[in-house]
Each structure stands twice: as C-alpha cells, then as structure tokens.
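# structural data only, the sequence is not supplied:
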C-alpha cells in the first residue's frame, strides 16, 4: 500500500524572494531527483518548478519514507534554506488531496492566471524528466498521466480559458495607463524565452516605433526579433538600450539580477526621468526591486501582476465552478481506480492465504478419514472454501465500505495486513512454494 | 445689487452643476450608456443659466463690460470652466476630468452667491485694470484645469506605484495628463505673468510706488500671487531639470491652485489692496 505526499509553496503562500531561492531548472530538477533517490531509494518523486510554484510530489510505501517532516527537511537542506524560515510558507497534502491538487494545478485553477495553458506544458516537462530519470513508477506515473488528461479536458471543455486575463494582457493594460501613444516608443525584451515572446507579442500589437530583443544568444535574439520586425542586440548593449527604451520586458533565466539599482541610476539620469515601464516576469527576478523606487520607474514583477489577476477571479465564477465540478468527478474516478488498483492484490492475497490454510486443514483431516473418495475430498474442500469465504466476507466488505467513506484505505489495509499476517514474509513463503 | 431671484437662479445653476458632477461620479460604479449625455446636458444647462444671470446682471447694472464685481467675476469663471469641460469632452474626451473640475465650478457658484452681497469691485476705471483682472482670472481657469489634471495624475501614479489594478480608464494615462498639466500651466503662467505685470503698472499709475516696498509687502494677496507664480515657474522648469517632472509637477500644480484659491479669497476681501 502506498501513500501520496505533496509538499509545496506557491504565489499565495510564499513571497517571490523565497520562491526564487527554491526554484530550479531542468538540470536542477535532475540533481534534486538524484539527491532524493540517494536519500529515499524506495520512493517516487516528481519535482515541479514554475514561475509561481515549487512542488514535490512523492509516493512511497505506507510505512516507508519520506514522511512530511523528512520532505521539508530534504527541501530545506537541498536549497540551504533555514527550515524554520521555510515552514510557514509550505503547504502539504496527502493521498486524495494530492490528486485533487495536481488536477487543479493542471487545470490552471491554482495558477496566477486562470485558464492559462502553459502550466500543462510545465507539468508535462516535469513528469517527463522524472520518467526519464526513473523517478516515477507505479504510483506517480498513472497519476500524472491522468492529471494531464484532466487538465486538457478542463481547458478545452469549460470556459476557463475563454477571455482569460494573461500576464501579457495585464502588462499591455498597464502600459496604456502610463503612455498615451506607442508610435514614438521603444519596447525592449531582455531574454528571448517563451514568456518574454508571449508578452512581446501583445506589446507588438501596440505598434511601437522600435522593438528590440536583447539576449546572450544573439542568433536566438535575431530569430525572435525577426518575428516582430525588430532589432536584435547582445547583452553588451543592454545599458545603451535601456536609455532609449520605454517598455522593458525581462524574462531571462539568469540566477542573479541583470539590472541592478547601481547600474540603473545613471540610466535614469540619462533618460532625464522619462517614464519607463519595467515588467519582470523572470524567476529568479532579473531586476532588483529597489529600482521601482526611482523617479519615473514603474516596475512590476510576477507577484504584482498576480494582484490584478486575482481581482478578476470573481467575474469568472461560473467557469471556475464548472471546472471544479469536472475535477471533482475526475478525482473520484481516479481515486476509485487507484483503490481498486491497491486493494485488489491485498484482497487476492487474503483469500489465497486462507484458502491455502483451509485446504491444508482439509488435507490433514482427509488423511484421518478412512476410505476417502475423490467426491468426499472435493466436497470437503468446497466446504472449507465456503467457510473461508463467509468468514472473510465481512472483513472485505468493511474494507470496501471503509475506503468509500474515509478515502484511501491505507490504514485499514495496513491493519488487515498486520492482523491477517499478509506481510512480505508470507509472500516470500508463497513464492518459494510456488517455485 | 444682486436680487433674491438672481440668487435663486444661481442656486439652480449650482444644483445643475452638482447634478452633473454626481452623474459623472456614477461612472465609478455604473456603465450606464446615458451617463455622458446626461452629465454634459446638466453642465450645459448650468452654464446657460449662469450666462443668463450674467446678462441680466449686466443689464441691471447697465454695464456690459465683464468682471465688474465679485458676483459677475466668479460666475464668469464658472462659465469658462464649464465651457472648457464641454470642449475637452467633445474634442478629446477625458471623462475623469469632470470629477475634478465640476466641484470647482460648484464652489465658484457657491462663492458667487456668498460674496454677491460683499462690497463690489470698484468699476473698472482703466484698460490696465481690466486687463489685469481678465488675465488673472483666466490664469485661475488654466490653473484649475492643471489642478484637476494634476490630481488625476497623482491618483493614477499612486495606483501604479502601489501595484493595484490599473486605474480607471476614465482617468486617462500619465503621458497625456503630464502633457495637459504642462499646457495648462504654461497658459496659466503666461496669463498670470501678464496679470502681475499689469498689477504693477496699476500701482505705479496710482502713484503708490512709494508704498510699494512697505504696505504691499505685507499684503497676503501679493505674496500668495507671488507664491503661485513661483510654484508654476518650478513646474515649467521641468524640461531643464527633469527631477521636477511627473509626480512633483502634479503636486506643485495642486499646491499652486490651492494658493490661487487663497488669492481669489483674498481679492474678495481686499479688492483694492491694503
């Protein structure tokens, strides 16, 4: 019997500063899975890191490790973060709640932007990485497969993705509150990643005079700039571009800020305090937050944009309710499948064991009976089988009822395994006999 | 003298302007399509009543030159401001402007009623004095617009800085508001400069130059006017010193207009100086 655990923090529970310390890329994810496997070899793990959340999904034997505290300890020590500092921002889920949470994540109901489709790709990437690393096996593999299918279903069958307020559209809305016209403005994108390009696409609709893409990879910058009839520049020209830019979108994967206050102050002077709109959608952040205090600077990061998105949630209540109904059905369906998947072998083992015991007793009894005939033997065996079935019937029925009423039957199953001596010892003995 | 019926009509104009303001404010919570039409109908009706009052008042005084007394002057200011609102909203709409300018119009109408019985200005004796009054009061109109636009700028700026949802689109955008502030202040500053220069000419003309360094030095009217002039001079200084642009310019525009209101009040009590 297995237990599902989830440990995570997101834009609701943790500040951006903490999230960016715990965030990891693909290489970081692989390294984390290796460290996890070394510490908990029997457990499964899928680490998920997006702009808004860092989550660890694990599955392990009911009595196995890691337990919740082990998992928090692992996360804290892996990222060298004080565990007491981390704890207040962490949320944990178990078993059915993990399934529900993952389905909600894949359906974007836990996202900063309701109805966004990127999360599905991010979950898929996280799952694929774990699968390649052999970190998902019998439990997390079907769970993630199902979660992605549910996410796709919600995003396509409900109105959740209709008229969604994306970060890009909010950025454009803010730009319109600052600037009257854009045909004399310069839009600069620092980084040429997916998110940056998405925001750039919306900003390009404003028809700015100049559109510049700045990246360490000049070829990539040229490719992206080509899409928008823009110019491509290298990072060495960033400071110069910032002097003439009016709207700047930062979305690099840099682990340290690429625009610091010290470097930006002289730029503000050169700009003669002309307003500049900075959108930092990178995690970790690309722009030092102190820059937002300078005259004429309007700086927004992911958390700031979230505030706006949350304000629009009420207007999409119907779509959210439909999505939640769909998810509730999917969770129930999956939980039942999972129970059957987990219960089946245990019930099978239970019957096998007691039928064997009964047959052994029948065998002993027959040896003592004078002139046993095959018919008598067969009838005695049937009698023993019926008695076993009747004796076990109530226990199995209780087990099935218990799982229906109380969710995953882990505790009941464990108790039954203990009570009926269905542990690994018995399985080994049975296998030996079968051989 | 202002008759009771004229005061009643003035009250009606005030109610029409206040009604227009209330309807304009309803944009904050309602998207009713008739808001715009109703607001400007009420403002236009208020302006028409005020114009009628000015004509009647001038007819009764048998003096057709405007700005003859407090009643006349303050109503003219209200009419000019309401015309300005109507002009802006029909040529290049900025709906939020109503929220800030209409209360000033209402205040001016109330002030006209309150000061109507006060000592009227001495009849304008010279072209210099008339020029002084016209330019000074027109500068007040321009500064009222700068005040309204500055206040809107500060509201949007605050919302943007506190990272709240984007400000109401009725308030416009920072770039336009900054441009409007600069234009209004430039116009108001030029008119006020002319008004102050003509004021000095009037003083010299009246042979008060000897007292210029003494009695006028203690006049709040003069000092407030100088403070207004300096505040707006700093706002206009922004192209040379960029640190005075944006939020600081908006704050100075608001402060400048508050001082200007002080000048207007001071003028009601000391129309002829100390």
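Alright, I've got the coordinates. Bear in mind the structure is a predicted one, so any value in this text is a computation, not a measurement. Numbers count the residues shown, from 1 in each chain, chains lettered A, B, ... in the order given.
# name the residue closest to the centre of chain A, please.
Most central in chain A under Cα atoms, centre = their mean is residue A:48, positioned 4.7 Å from the mean C-alpha point.
# pull the contacting residues for that residue.
A:8, A:54-57, A:105, A:122-123, A:126 (Cβ atoms under 8 Å, 6 or more residues apart in numbering or on different chains). All C-beta spots, glycine's among them, are computed from the backbone N, C-alpha and C.
# sitting in helices, which of those do you find?
A:105, A:122-123, A:126 (DSSP state H).
# most neighbours, which of those?
For these, counting by other Cβ atoms under 10 Å in any protein chain shown, the largest number of neighbours falls to residue A:105: 26 neighbours.
# can you pull the pLDDT of that one?
For residue A:105, the model assigns a pLDDT of 94.
# list the contacts for it?
Contacts of residue A:105 (Cβ under 8 Å, 6+ apart): A:48, A:53, A:55, A:111, A:119, A:123, A:147, A:151.
# check whether whichever strand or helix holds residue B:149 comes near chain A.
If you go by DSSP states H and E, residue B:149 is part of helix B:127-161. Yes: contact of helix B:127-161 with chain A is found when judged by Cβ under 8 Å from any Cβ of the partner chain, involving B:156, B:159-161.
# would you turn those into a markdown table with neighbour count, distance to residue A:376 and pLDDT?
Formatted as a markdown table, those follow (neighbours: other Cβ atoms under 10 Å in any protein chain shown; distance: Cβ to Cβ, whole Å; pLDDT from 0 to 100):
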| residue | neighbour count | distance to residue A:376 | pLDDT |
| --- | --- | --- | --- |
| B:156 | 22 | 97 | 89 |
| B:159 | 17 | 92 | 85 |
| B:160 | 20 | 93 | 87 |
| B:161 | 14 | 94 | 86 |
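# for residue A:380, state which of those residues is nearest.
Within the residues of helix B:127-161 next to chain A, proximity to residue A:380 (Cβ to Cβ) peaks at residue B:159, which comes in at 86.7 Å.
# on that earlier part again, from the contacts of residue A:48, which two are the most distant?
It's A:56 and A:122 that sit farthest apart of the contacts of residue A:48, by Cβ to Cβ, at 14.7 Å.
# tally of neighbours for the residue in the stretch 101-250 of chain A that chain B sits nearest to?
Nearest to chain B in the stretch 101-250 of chain A, going by Cβ to the nearest Cβ, is residue A:180, at a distance of 4.1 Å. Residue A:180 has 15 neighbours, counted by other Cβ under 10 Å.
# quick check, pLDDT for the closest residue to residue B:154 other than its chain neighbours.
Leaving aside its sequence neighbours, residue B:154 sits nearest to residue B:250 (Cβ to Cβ, 6 or more residues apart in numbering or on different chains; 5.0 Å). pLDDT, residue B:250: 91.
# residue A:324 too?
Reported pLDDT for residue A:324: 92.
# what is the end-to-end distance of stretch B:160-175?
Across stretch B:160-175, the terminal residues are separated by 13 Å (Cα to Cα, to the nearest Å).
# please name the nearest non-neighbouring residue to the most centrally placed residue in chain B.
The centre of chain B sits closest to residue B:141, judged by Cα atoms, centre = their mean, with a distance of 3.3 Å. Spatial nearest neighbour of residue B:141, excluding adjacent residues (Cβ to Cβ, 6+ apart): residue B:80 at 4.9 Å.
# in the one helix or strand residue B:40 maps to, which residues are buried?
Secondary structure assignment for residue B:40, by DSSP H and E: helix B:35-61. Applying a neighbour-count criterion of 16 or more other Cβ atoms under 10 Å in any protein chain shown, one finds B:35-36, B:39-40, B:42-47, B:49-51, B:53-54, B:57, B:61 buried in helix B:35-61.
# domain map for the chain?
Unless you meant another one, I'm taking chain A. A:2-163, A:167-312, A:336-427 (automatic domain parsing).
# sorry, I should have been clearer: chain B.
B:1-122, B:124-274.
# sorry, back to before: now the angle from the helix or strand following the helix holding residue B:149 to helix B:127-161?
Once the chain leaves helix B:127-161, the next helix or strand it forms, by DSSP H and E, is helix B:174-205. Put simply, helix B:174-205 runs at 150 degrees to helix B:127-161, going by axes from the mean of the first three to the mean of the last three Cα atoms, to 10 degrees.
# toward the C-terminus from helix B:174-205, list the very next helix or strand.
helix B:220-236.
# hmm, that following helix touching chain A?
No: counting by Cβ under 8 Å from any Cβ, chain A is not contacted by helix B:220-236; separation bottoms out at 14.0 Å.
# and that helix, what does it pack onto?
helix B:127-161, helix B:174-205, helix B:247-269 (3 or more Cβ pairs under 8 Å, 6 or more residues apart in numbering or on different chains; DSSP states H and E).
# the inter-axis angle of that helix versus helix B:127-161?
With the same axes, to 10 degrees applied, the angle from helix B:220-236 to helix B:127-161 works out at 50 degrees.
# mind listing what's buried along helix B:220-236?
For helix B:220-236, a neighbour-count test (16+ other Cβ under 10 Å) marks B:221-225, B:227-229, B:231-232, B:234-236 as buried.
# how about stretch B:62-82?
If you call a residue buried by 16+ other Cβ under 10 Å, then stretch B:62-82 has these buried ones: B:66-82.
# same question for stretch A:174-193.
A:174-179, A:182, A:185-193.
# end to end, how far does that stretch reach?
Stretch A:174-193: ends 22 Å apart by Cα to Cα.
# and stretch A:202-218, by the same measure?
Per Cα to Cα, the first residue of stretch A:202-218 is 22 Å away from its last.
# chain center to it: distance?
32 Å (Cα atoms, centre = their mean, to the nearest Å).
# for stretch B:84-103, which outside residues touch it?
Residues contacting stretch B:84-103 (Cβ under 8 Å, 6+ apart): B:17-18, B:20-21, B:24-25, B:27, B:36, B:39-40, B:43-44, B:47, B:81, B:105, B:141, B:144-145, B:147-149, B:151-152, B:168, B:170-172, B:176, B:180.
# ugh, wrong one, stretch A:280-292
By Cβ under 8 Å, 6+ apart, stretch A:280-292 touches A:16, A:19-21, A:23, A:51, A:167, A:190-191, A:195-196, A:199, A:249-261, A:264, A:278, A:297-302, A:305, B:161.
# burial count for residue B:31?
Other residues near residue B:31 come to 7 when the count uses other Cβ under 10 Å.
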